[in-house]
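K.L.:
could you look at this predicted model? Sequence included:
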Amino acid sequence: MSSVLVVGYDPRAIPGVDGEALRAALDAELARFTEHGIDAAMTLLVFDASAEPTLVASLTRRPWGVVVVGGGIRRTEQLLLFFEQVVNLIRRHAPQAAVAFNSSGGDSVEAARRWL
């Protein structure tokens, strides 16, 4: 079975956003992977000292076929250095994994399937 790790920015850490509603949508997207026969997990990060150890633990938990990096990390200009850190941690700790990017929280399955 193919394995996918979805890495995103924790919506509960975004001021002025209904983090719980966004988290529910992310959980629904994660459930879609199962419908497509794909084993998937999700790691949500916050831009603080916990990000690197949290991501490294997820990346090294098992060999991933694809790591999908979400737009919350990629599209926010203030997080450019954080995005670079995420990509380089993927390269270092999951070199066998393809890297994919979704266009929204609702198309992570499609992003991953491009590389499976």
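P.N.:
Good, I have the coordinates. The structure presented is a predicted model; accordingly, all values stated were derived computationally and were not measured.
K.L.:
contacts for the longest helix along the chain next, please.
P.N.:
Residue-count comparison of every helix in the chain, with assignments taken from DSSP state H, identifies helix 19-35 as the longest. Residues outside helix 19-35 that contact it (C-beta atoms under 8 Å, 6 or more residues apart in numbering) are 4, 6, 8, 10-14, 39-42, 44, 105-106, 108-109, 112. The way it works is simple: take the backbone N, C-alpha and C, and place the C-beta from them, glycine included.
K.L.:
for the residue lying closest to E29 once chain neighbours are set aside, grab phi and psi.
P.N.:
In this structure, E29 finds its nearest non-sequential neighbour in S108, 5.3 Å apart by C-beta to C-beta, 6 or more residues apart in numbering. The phi and psi torsions at S108 (degrees, to the nearest 10) take the values phi -70, psi -30.
K.L.:
so S108 makes contact with G70?
P.N.:
Yes. If you go by C-beta atoms under 8 Å, S108 and G70 touch, sitting 7.2 Å apart.
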